[in-house]
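**Student:** Need a 3D model of the sequence below.
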Amino acid sequence: MYKVTALFFSLILFLPLISTAQVPAVEAAREFKDANAHQILSDYFELLKIPNVAGDIENINKNADFLISAFEKRGASMELLTLPDKPNVPPVIYGEINTPGANRTLILYVHYDGQPADPKNWTHAPWEPTLYSASMENNGNPIPFPSVSEPIDPEWRIYGRSASDDKVPFPAILATLDALNESDIPLTSNIKFFFDGEEEAGSPHVREFLERYKEKFEGDLWVFLDGPKHQSGRPQVVFGVRGVTGMEVTVYGPSRALHSGHYGGWSPVPGQMLADLLVSMKNETGEILIEGFNDSTAPITEADRKAFATLPDYDDQIREELGLSWTEFEDRSLIESFMYPTLTIKGLNSGNTGELARNVIPISATASLGIRLAKGNDPQDMQDKVEAHIQKQGYHIVREDPDKETKLKHRKIAKVTRSGGYPAMRTSINDPMAQQVVDAVERAASEEVILYPSYGGTLPIYHFEEVMQTPIVIVPIANHDNNQHAPDENIRIGNIWYGMEIYSSIFTMQ
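**Tutor:** You can find the predicted model right below:
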């Protein structure tokens, strides 16, 4: 049956969408939502009230207890997986729902930790979820939680840390299981759960969990429930993510800060040196000038090109929304840019600005560089290429701040501090198991599904692919304007309802 996959893929782009009225599970999800929306949201508010920064192990464990209790009430067998010699590592929450007669096992990934949040930068306290009549950008206002008799507008927003990234799958999964049970609609797959407690910290122990508990995670397809939908709002299935690495580069001037009047025009200025170095790496059009930077990048395939064709031409609207009159590589679409590695200046530091600016030449200047990796790029190799470029610009590379003897010996010195990272991952769009999910989303959606070869962002999926040797897809439900990782993170309530419809179709797909 696998021989028909390519034909199926080519046809699915042109078949008319199946009415969701023909999918009993989707109708059951909608009916359950209509009858229980207030309780679904009330329960979600309780979860959002629990702080969930990975380093806060006490509250991480409270999140885990909440989720274990909630899923056990739906008949799932749940347990905490720990690393016995590392008691302060957030546990993985593992669960199973075994379906009699099922010959397919789905492993659902969600992370229950969130980014740190500085309350000073938020309109409301990050872990005090607040309901809004619309997004803040659309002049929404805070509103009280509705009474049971009051209808819930899908355009309302919930503001709070992790409201979209990545706690939002939980209310949708739980309500979906309730809806199917209430309507006596059976699951068609065994379902396993992998809830990660330190994704926002880079999932530094995820590989150790996978290797230690590998037998538990055996299955046919990993379905990652994370990330935002396309900017157009259309449903999408994503087949991969970029990898990530990075480094900090510090260049040096005088051994002490110098008066810019007495020494300006004579002493080297670290900020200028660093600016020149960065300009040598990348030009204004976006072209990366580091030798060999793209050599290992996997080529764009014909299947990728067909997937691009499912996307609306939305780049102009995104530019307008972001206030951008131009973008790098003007002839390259946003989705196509995800297929290449990037070099981004994440931050710069040298001296002070504004009221704290002083008339001095600082002793150093530092740039934090982020490198997003495309399929085929190795993190260490890409760092090596950046360092080789720095050396070609005449810099002597060190790993610690140089002493005076070292500074006198070398004309230009750069301290390079490497970050960790992991490669990109991409499942073939033609994978037959992944296509089953595409079909399920297609059946639940009222619009054509967008097939995304790769997200621009990064998840630690490479470890799952390498250890488990199982195909992986991502099915996102959050609104694209959710402010993830930023102050005033939010979720549009209609996206929770969308998640229920999508999950109900996936959980009952043939």
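
**Student:** give me the element residue 473 is part of.
**Tutor:** strand 472-474 (DSSP states H and E).

**Student:** Past that strand, which element shows up next along the chain?
**Tutor:** strand 490-492.

**Student:** which secondary structure elements does the helix or strand following that next one contact?
**Tutor:** Scanning forward in sequence from strand 490-492 by DSSP H and E, the next helix or strand is helix 493-507. For helix 493-507, the packing partners by 3 or more Cβ pairs under 8 Å, 6 or more residues apart in numbering; DSSP states H and E come out as helix 24-48, helix 169-182, helix 432-444. In short, each C-beta sits where N, CA and C put it, glycine included.

**Student:** For my notes, please list those helices in a markdown table and give distance to residue 228, mean pLDDT and mean neighbour count for each entry.
**Tutor:** Formatted as a markdown table, the helices and strands packed on helix 493-507 follow (distance: least, Cβ to Cβ, whole Å; pLDDT from 0 to 100; neighbours: other Cβ atoms under 10 Å):
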| stretch | distance to residue 228 | mean pLDDT | mean neighbour count |
| --- | --- | --- | --- |
| helix 24-48 | 18 | 98 | 19 |
| helix 169-182 | 12 | 98 | 23 |
| helix 432-444 | 15 | 95 | 22 |
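
**Student:** Residue 235 is nearest to which of the ones you listed?
**Tutor:** Residue 235 lies closest to helix 432-444 among the helices and strands packed on helix 493-507, at 5.6 Å (Cβ to Cβ).

**Student:** quick one, what contacts residue 158?
**Tutor:** Residues in contact with residue 158, defined by Cβ atoms under 8 Å, 6 or more residues apart in numbering, are 41, 44-45, 48, 129-132, 490-491, 493.

**Student:** Quick one: list the elements packing against the strand holding residue 473.
**Tutor:** strand 221-224, strand 236-238, helix 432-444, helix 461-468.

**Student:** Test for you: state the pLDDT assigned to residue 214.
**Tutor:** For residue 214, the pLDDT comes out at 98.

**Student:** if I pick it, what's in contact with it?
**Tutor:** By Cβ under 8 Å, 6+ apart, the neighbours of residue 214 are 467-468.

**Student:** do you know how far it is from residue 414?
**Tutor:** Remark: distance between residue 214 and residue 414 (Cβ to Cβ, to the nearest Å) = 42 Å.

**Student:** what residues are up against the nearest residue in space to residue 43 that is not next to it in sequence?
**Tutor:** Nearest residue to residue 43, sequence neighbours excluded (Cβ to Cβ, 6 or more residues apart in numbering): residue 171, at 6.6 Å. The neighbours of residue 171, taking Cβ under 8 Å, 6+ apart as the test, are 40-41, 43-44, 47, 496, 499.

**Student:** let's see 6 Å
**Tutor:** Applying Cβ atoms under 6 Å, 6 or more residues apart in numbering to residue 171 gives the contacts 40, 44, 496.

**Student:** tell me which element residue 306 is part of?
**Tutor:** helix 302-308.

**Student:** can you dump the C-alpha coordinates of that helix into CSV?
**Tutor:** Coordinates of the C-alpha atoms in helix 302-308 are reproduced here as CSV (Å, rounded to 0.1, in the frame of the first residue of the first chain):
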residue,chain,number,x,y,z
GLU,A,302,10.3,18.3,-5.4
ALA,A,303,8.0,17.2,-2.6
ASP,A,304,9.1,20.4,-0.7
ARG,A,305,8.2,22.5,-3.7
LYS,A,306,4.8,20.9,-3.8
ALA,A,307,4.3,21.7,-0.2
PHE,A,308,5.3,25.3,-0.8
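
**Student:** just how off-centre is it within its chain?
**Tutor:** 22 Å (Cα atoms, centre = their mean, to the nearest Å).

**Student:** and if you look at stretch 303-321?
**Tutor:** On Cα atoms, centre = their mean, the centre of stretch 303-321 falls 19 Å from that of its chain.

**Student:** Buried residues in it, which are they?
**Tutor:** 303-304, 306-308, 310-311, 314-315 (16 or more other Cβ atoms under 10 Å).

**Student:** May I have the predicted confidence score for the closest residue to residue 191 other than its chain neighbours?
**Tutor:** Distances taken as Cβ to Cβ, 6+ apart put residue 97 closest to residue 191, at 4.5 Å, once the chain neighbours are dropped. Residue 97 is assigned a pLDDT of 98 by the prediction.

**Student:** Hmm, residue 97 is touching residue 192, no?
**Tutor:** No - using Cβ atoms under 6 Å, residue 97 makes no contact with residue 192, being 7.9 Å away.

**Student:** Now do residue 243: how many residues are near it, please.
**Tutor:** 26 (other Cβ atoms under 10 Å).

**Student:** Same check on the one 5 residues further on?
**Tutor:** Using other Cβ under 10 Å, residue 248 is surrounded by 16 other residues.
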